[in-house]
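Chemist: here is my input; please provide its structure:
(4 chains)
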Number of protein chains: 2
Amino acid sequence: MISLGRTINPHISVDCVVFGFSTNQLKILLIEREYRDDSGKQARDHKLPGDFITLNEDLDLAAVRTLEELTGLNSIYLHQFAFIGQPERIWKKSDMDWLNTTTGMEIQRVVTAAYFALINITESNSDFAIKNNASWIDIKEVPALAFDHRNIIDRGLAHLQKSLRNEPIGFELLPEKFTIRELQSLYEVILDCNLDNRNFRKKILKSNYLIQLDEKQIGVAHKPAFYYRFDKHIYNKQKKEYLGFNF
Amino acid sequence: MISLGRTINPHISVDCVVFGFSTNQLKILLIEREYRDDSGKQARDHKLPGDFITLNEDLDLAAVRTLEELTGLNSIYLHQFAFIGQPERIWKKSDMDWLNTTTGMEIQRVVTAAYFALINITESNSDFAIKNNASWIDIKEVPALAFDHRNIIDRGLAHLQKSLRNEPIGFELLPEKFTIRELQSLYEVILDCNLDNRNFRKKILKSNYLIQLDEKQIGVAHKPAFYYRFDKHIYNKQKKEYLGFNF
DNA sequence: ATTAGTTAGCGTATCTTATACGTTAACTTT
DNA sequence: AAAGTTAACGTATAAGATACGCTAACTAAT
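Modeler: Numbering: from 1, shown residues only, chains lettered A, B, ... in the order given. Take a look at the predicted model:
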């Protein structure tokens, strides 16, 4: 998504690796792009949501803006995780051509700030995204991408896995209320492992920032699970200040 | 340090937070700068080692280059930890003037990639640094700095503390051979805590990547300690792939 | 020479946390 | 009413963290 209406800084861009979780799959938000391949033929492929920053724009805010334009959401969990600037990162002529035509400027070299974002996919924000040529694609079925975006996704995923192990961010991918089992599945899918449900429950309930609601699942063909919500406030208060080391 | 001899990209710079450890103090490498203050008077202050990147330069390599010019060292532990680009980060007129005069260009806005580096301070690289107007300053006695460099240092220090807890990087700040006590002191100073020496020793020797040498301290007024060295190879082989989570 | 002062380096006892796995409870479908 | 499924609690054992006692080996002071 390139901003034609505003003056851009053609040296610096933001790219967002946006994760979502639905039907027990980790998904990523990709944009379908129309471009001319090296032989000049019209073609289509996918790219990450991203944009050049405008002249006096804050980097973080540029990422927020990009995602808001795409999903309608403006309070998304969003963090910078890398800054990528190898001169040869845009090595395909067709990609460079695409930048030149969409911006109407002579693009030389683009350094990009990579952000990763966590979204709870809903019908509403999903519809919004589809209207902008964006769609949620299973992380295991990502097609060939423009630029070096495949590489950025891989680094974003590694970052997600590391963060998930060290901070309570899984909740950002779930709705307000969720079951322990849903949370566990999320961990299993993202970390690509199997966890013992009894131990998972024990460990995650021991810290008391998961609040049990008065509401159960209905219509499920088994003992219905209670819904929980995550209380960030309680977490922030009691997060342990571990001194020492772990390696 | 600004490169007059080469064509620079005036939009993007690298800044390095370089840590060293000596006489039980965590130190940081700062450069003394001459500038004109807002009233036009000559003045001096300090800044981080850093530079604009050149036109076709890789960001990481720009950081390597900057440090090599400054210390003579070319294989330094060096990692990008942030990318900073608020439009108002260079808010002082004197700083902007300084950029314009040292580069001879009209600088608008600079986005900087922040790196953090770990160096074992030696007489040789210290002398080299002094010749380039650089000096090692105790992290607790950092004076007022140019630009937003104080902020970058704070973020770099937080990054150092986090990394030190999760990866064996403390060795990068010590000479090839060191005693367990020296290593412990390093942890205590950087993490700002007291550690039990018996437990520290037990924990760090359990993993067998610390190799005891055949050499003891000499001339110390107490039982002499054995020297050890860190074997990165052994560490890489056996670092645990922990699945699950920690928070 | 002997003693005092200092840090190195090993060991043990206890508390906390992780892991493995057994069992009953509560719902739907057949 | 029985079968199938997942929720939710509990227990036993292994592994790791923490607290702290003690002897060893050196120099400096007496």
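
Chemist: list the strands paired with the longest strand anywhere in chain A, with their directions.
Modeler: Longest strand in chain A by number of residues (criterion: DSSP state E): strand A:8-22. Its sheet considered, strand A:8-22 pairs with strand A:25-36 (antiparallel), strand A:50-54 (antiparallel), strand A:111-119 (parallel) by DSSP bridges.

Chemist: which positions within that strand qualify as buried?
Modeler: By neighbour count on 16 or more other C-beta atoms under 10 Å in any protein chain shown, the buried set for strand A:8-22 is A:8-21. Heads up, the C-betas are built off the backbone N, CA and C, glycines and all.

Chemist: equivalent analysis for stretch A:88-95, please.
Modeler: A:89-90, A:94-95.

Chemist: then stretch A:106-126?
Modeler: Within stretch A:106-126, the residues scored as buried using 16+ other C-beta under 10 Å are A:107, A:109-121, A:125-126.

Chemist: how far away is whichever residue of chain A sits closest to chain B from B:F116?
Modeler: Closest residue of chain A to chain B, C-beta to the nearest C-beta: A:F83 (3.6 Å). Separation of A:F83 from B:F116 (C-beta to C-beta, to the nearest Å) stands at 13 Å.

Chemist: in the buried residues of stretch A:106-126, find the pair that's most separated.
Modeler: Greatest spacing in the buried residues of stretch A:106-126, by C-beta to C-beta: A:R109 and A:N120 (36.2 Å).

Chemist: need the pLDDT of the nearest residue to A:N197 once chain neighbours are set aside.
Modeler: In space, and not counting its chain neighbours, A:N197 is closest to A:Q184: 6.1 Å by C-beta to C-beta, 6 or more residues apart in numbering or on different chains. Note for A:Q184: predicted pLDDT of 96.

Chemist: CA atoms only: put whatever helix or strand A:Q184 lives in into CSV for me.
Modeler: Assigned by DSSP states H and E, A:Q184 belongs to helix A:180-191. This file holds the C-alpha atoms of helix A:180-191, laid out as CSV (Å, rounded to 0.1, in the frame of the first residue of the first chain):
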residue,chain,number,x,y,z
ILE,A,180,-7.5,-22.7,28.8
ARG,A,181,-7.5,-25.3,26.0
GLU,A,182,-7.6,-22.6,23.3
LEU,A,183,-4.7,-20.9,25.0
GLN,A,184,-2.8,-24.2,25.1
SER,A,185,-3.5,-24.9,21.4
LEU,A,186,-2.2,-21.5,20.6
TYR,A,187,1.1,-22.3,22.4
GLU,A,188,1.3,-25.7,20.8
VAL,A,189,0.8,-24.3,17.3
ILE,A,190,3.2,-21.4,17.6
LEU,A,191,5.9,-23.3,19.4
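
Chemist: give me the residues contacting it.
Modeler: Residues outside helix A:180-191 that contact it (C-beta atoms under 8 Å, 6 or more residues apart in numbering or on different chains) are A:21, A:24-26, A:160-161, A:164-165, A:170-171, A:173-174, A:193-195, A:197, A:200-201, A:204-205, A:210, A:225-226, A:228, B:243-245.

Chemist: repeat that for 7 Å
Modeler: A:21, A:24-26, A:160-161, A:164, A:170, A:173-174, A:194-195, A:197, A:200-201, A:204, A:225, A:228, B:243, B:245 (C-beta atoms under 7 Å, 6 or more residues apart in numbering or on different chains).

Chemist: low-confidence stretches in chain A?
Modeler: A:1-5, A:240-244, A:246 (pLDDT under 70).

Chemist: state which helix of it is the longest.
Modeler: Taking DSSP state H as the criterion, chain A has its longest helix at helix A:149-166.

Chemist: who are the packing partners of that one?
Modeler: Contacts defined by 3 or more C-beta pairs under 7 Å, 6 or more residues apart in numbering or on different chains; DSSP states H and E place helix A:149-166 against strand A:8-22, strand A:77-84, strand A:111-119, helix A:180-191.

Chemist: does DNA strand C sit close to it?
Modeler: No: Helix A:149-166 stays clear of DNA strand C (C-beta under 7 Å from any atom of the strand), getting no nearer than 11.4 Å.

Chemist: any idea of the angle that helix forms with strand A:77-84?
Modeler: Angle of helix A:149-166 versus strand A:77-84, following axes from the mean of the first three to the mean of the last three C-alpha atoms, to 10 degrees, is 130 degrees.

Chemist: what sits up against helix A:149-166?
Modeler: Helix A:149-166 is contacted by residues A:15, A:17, A:19, A:28, A:47-48, A:81-82, A:84, A:114, A:116, A:139, A:142, A:169-170, A:187, A:190-191, B:245-247 when judged by C-beta under 7 Å, 6+ apart.

Chemist: who in chain A is up against DNA strand D?
Modeler: A:179-181, A:197-199, A:201-202, A:205, A:216, A:221-226, A:244, A:246.

Chemist: can you select the buried ones from those in ChimeraX?
Modeler: Those of those that count as buried under 16+ other C-beta under 10 Å are selected in ChimeraX with:
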select /A:179,180,201
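
Chemist: ok, for A:N74, nearest residue in space, not its chain neighbours?
Modeler: Residue nearest to A:N74 in three dimensions, not counting chain neighbours: A:E68, with 4.7 Å by C-beta to C-beta, 6+ apart.

Chemist: check which helix or strand covers that neighbour.
Modeler: Assigned by DSSP H and E, A:E68 belongs to helix A:59-71.

Chemist: just the angle between that helix and strand A:25-36, please?
Modeler: Per the same axes, to 10 degrees, the angle that helix A:59-71 makes with strand A:25-36 is 90 degrees.

Chemist: which helices and strands does helix A:59-71 pack with?
Modeler: For helix A:59-71, the packing partners by 3+ C-beta pairs under 7 Å, 6+ apart come out as strand A:8-22, strand A:50-54, strand A:77-84, strand A:111-119, helix A:123-131.

Chemist: closest one to A:K237 among those?
Modeler: The minimum distance between A:K237 and the helices and strands packed on helix A:59-71 falls on strand A:77-84, with 19.6 Å, by C-beta to C-beta.

Chemist: so the helix or strand following the closest one, near chain B or not?
Modeler: With elements assigned by DSSP H and E, the helix or strand that comes after strand A:77-84 is helix A:93-103. No: figure legend: helix A:93-103 not in contact with chain B (C-beta under 7 Å from any C-beta of the partner chain); closest approach 14.3 Å.

Chemist: same list (the helices and strands packed on helix A:149-166) but as TSV, adding distance to B:K232.
Modeler: Converted to TSV, the helices and strands packed on helix A:149-166 look like this (distance: least, C-beta to C-beta, whole Å):
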stretch	distance to B:K232
strand A:8-22	30
strand A:77-84	24
strand A:111-119	28
helix A:180-191	26
